[in-house]
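Novice: coords please:
(chains A and B, ligands or ions: 1)
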Amino acid sequence: MALALAAGGAAHAAGSRQLATGGASTIEGGAGGGLVPWAAITGYGAREEIGATAFATRINTGDYRLDVQGAAVGLFNRIELSASRQELDLVALGPALGLPGAHLRQHVIGAKVRLAGDVLYTRMPQIALGVQYKKQQDFALARALGARDDADVDVYLSATKVFLAGVGGYNAFLSGTARLTRANETGLLGFGGEGRNGRRVALEASGGVLLSRRFAIGAEYRGKSGSLDAVRESAWRDLFVAWFPNRHVSVVVAYADLGTVATLPDQTGWYLSVQGAF
Amino acid sequence: MRTIFAMLLALAAAAPSPDDSLYRALGEKQGIARLVDALLDRVYADPRINDLFKHVDRPDLARLVGEHFCHETGGPCEYTGRSMTDTHSGLAIKAKEFDAFVEDLVDAMEALDLPTRTQNRMLKHFAPMRAEIIDQ
Ligand code: HEM
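Specialist: Numbering: from 1, shown residues only, chains lettered A, B, ... in the order given. This is a model prediction of the structure:
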């Protein structure tokens, strides 16, 4: 009993919104699936509360390893501010280029505002507008490949909705994002290029089913094009399982297919993300 | 034309009464009474919201919420209480308090081992009432 009370008390400290409605953390820092953002505001803070999250994510395809750490705050279920740092280890390319240990780092600062709706309680989806300022930290390689800039801004609009009892009685969710971006490989290879340099629209989506209050399975798709003729890029995809044991911790495990990344084809591998919420 | 109309009327008359499958999934009147009891146990013990219920007579509330659940889920009950807007007006219920109440409801349904799909149907039916309940 004392234990249950203690657990209850601790659970309340992270905010009042329902379990899983803050989603997981994306590689760019804000609330979402993992590769793509949701319209949800990070954490569990309701309209009268503040919530925060911190996370670490690793994607490992063997040829590449992406490590991401970041944190975000959700203010009054209205505004989300986030920061993350990414480091892509060129496990296979580095030695091949005579640069063992080579890596590409990027910092991302994000802001998102919920414009309308509630993922759970309104008939309309929750809709949010977000911006991400991205700064590539190791620009030499991207420059050599033809990238124009080492920093830029993505702007995106997301719509996310939970369909209670939506699929065979199970709760389901769908989320879609349209992003205006000049990023090559999300910015890890800089922004813009020699031929095409302007912003393009990228479409991203995720969907899934909650098998119980604490377990969700789903899939994500992140459309990408990029401007570098020398290194064509692919859409990213994943299949995930997410576990929300309580409002303080969530874990996402996924099988990711990143397609061709910087000339290396068939980049598939594991995705693991752990989030703490406060 | 007339015969078609007559046939439609006959069909309408023969149509089954409103869907009561959720009512049955909850265990009918007995199951609902148990659910309301488990819910109010949690609500009256929940420091996030129990101040709002300080002066509310629990047996009265249990009867009315039971009638409401039964009626709303298609059961053979008349709801004798007030509308959701009238009932909750003046209480200025906050978004976080609504969420706390929903969590207590889900905890109660879990404690009674109601299947996830039944729980979800309950939430689907009652969640849209939020707009009539908060900020009144
Ligand atoms: C979908 C969710 C809810 C439903 C279906 C619901 C239903 C009801 C019903 C049927 C009654 C009795 C009506 C009457 O007295 O005539 C009632 C009363 C009451 N409810 Fe709710 N309720 C909900 C959410 C909430 C929440 C979130 C709170 C506060 C956190 C709350 C606080 C109260 C209080 C304090 C009363 C007693 C009011 C009085 O006697 O003056 N309710 N509710």
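Novice: Let's verify the closest residue to the ligand within chain B: helix, strand, or coil?
Specialist: As assessed by CB to the nearest ligand atom, the ligand sits closest to B:Gly81 within chain B, at 2.8 Å. All C-beta atoms are positioned from the backbone trio N, CA, C, and that covers glycine. Of the three states, B:Gly81 takes coil under DSSP: H, G, I helix; E, B strand; the rest coil.
Novice: can you check A:Ala242 too?
Specialist: Counting by three-state DSSP, the backbone at A:Ala242 sits in strand.
Novice: Quick one: residues contacting the residue of chain B closest to the ligand.
Specialist: By CB atoms under 8 Å, 6 or more residues apart in numbering or on different chains, B:Gly81 lies in contact with B:64, B:67-68, B:87.
Novice: what residues does the stretch 1-150 of chain A put near chain B?
Specialist: Contact residues, the stretch 1-150 of chain A versus chain B (CB under 8 Å from any CB of the partner chain): A:12, A:15-18, A:46-49, A:77, A:120-123.
Novice: Which among those residues count as buried?
Specialist: Among the residues of the stretch 1-150 of chain A next to chain B, those scoring as buried are A:12, A:15-18, A:46-47, A:49, A:77, A:120-121 (criterion: 16 or more other CB atoms under 10 Å in any protein chain shown).
Novice: Leaving aside the residues adjacent along the chain, what's closest to the closest residue to chain B within the stretch 151-278 of chain A?
Specialist: Nearest residue of the stretch 151-278 of chain A to chain B, counting by CB to the nearest CB: A:Gly169, 3.0 Å away. Leaving aside its chain neighbours, A:Gly169 sits nearest to B:Arg117 (3.0 Å; criterion: CB to CB, 6 or more residues apart in numbering or on different chains).
Novice: burial of the one you found, as a residue count?
Specialist: If you count neighbours by other CB atoms under 10 Å in any protein chain shown, B:Arg117 ends up with 14.
Novice: pretty sure it is in contact with A:Val167, am I right?
Specialist: No. B:Arg117 lies out of contact with A:Val167 (CB atoms under 8 Å); the separation is 10.1 Å.
Novice: I figured A:Val113 hits A:Val131, correct?
Specialist: No. Using CB under 8 Å, A:Val113 is not in contact with A:Val131; the gap is 9.2 Å.
Novice: Any stretches of the chain with poor pLDDT?
Specialist: As the question left the chain open, I've gone with chain A. Counting by pLDDT under 70, chain A contains low-confidence ranges at A:1-13.
Novice: try again with chain B
Specialist: The model of chain B has pLDDT under 70 over residues B:1-17.
Novice: Residues of it that sit close to the ligand?
Specialist: Within chain B, the positions lying close to the ligand (CB under 6 Å from any ligand atom) are B:49, B:52-53, B:56, B:61, B:64-65, B:68, B:81-82, B:87-88, B:91, B:93, B:97-98, B:101, B:126, B:129, B:133.
Novice: SS state for the residue nearest to A:Gly169?
Specialist: helix.
Novice: now do A:Val91
Specialist: For A:Val91, the secondary-structure state derived from three-state DSSP is coil.
Novice: Need the residue closest to the centroid of chain B.
Specialist: For chain B, B:Phe69 is the residue whose C-alpha lies nearest the centre (CA atoms, centre = their mean; 3.3 Å).
Novice: Phi and psi next, for that one.
Specialist: The phi and psi values for B:Phe69, taken as degrees, to the nearest 10, are phi -60, psi -50.
Novice: which residues touch it?
Specialist: Applying CB under 8 Å, 6+ apart, one finds that B:Phe69 lies in contact with B:26, B:32, B:35-36, B:75.
Novice: Out of the residues of chain B next to the ligand, list just those in helices.
Specialist: Judged by DSSP state H, helices contain the following of those: B:61, B:64-65, B:68, B:87-88, B:97-98, B:101, B:126, B:133.
Novice: Helices along chain A, start to end?
Specialist: Along chain A, counting by DSSP H, helices occupy A:2-13, A:93-96, A:139-144.
Novice: Skipping adjacent residues, who's closest to the closest residue to the ligand within chain A in space?
Specialist: With CB to the nearest ligand atom, the shortest gap between chain A and the ligand falls at A:Tyr121, namely 10.0 Å. Once flanking residues are discounted, A:Tyr121 sits nearest to B:Arg130: 4.7 Å by CB to CB, 6+ apart.
Novice: The one you found contacts B:Asp99, correct?
Specialist: No. In this structure, B:Arg130 is not within contact of B:Asp99 by CB under 8 Å, at 9.4 Å.
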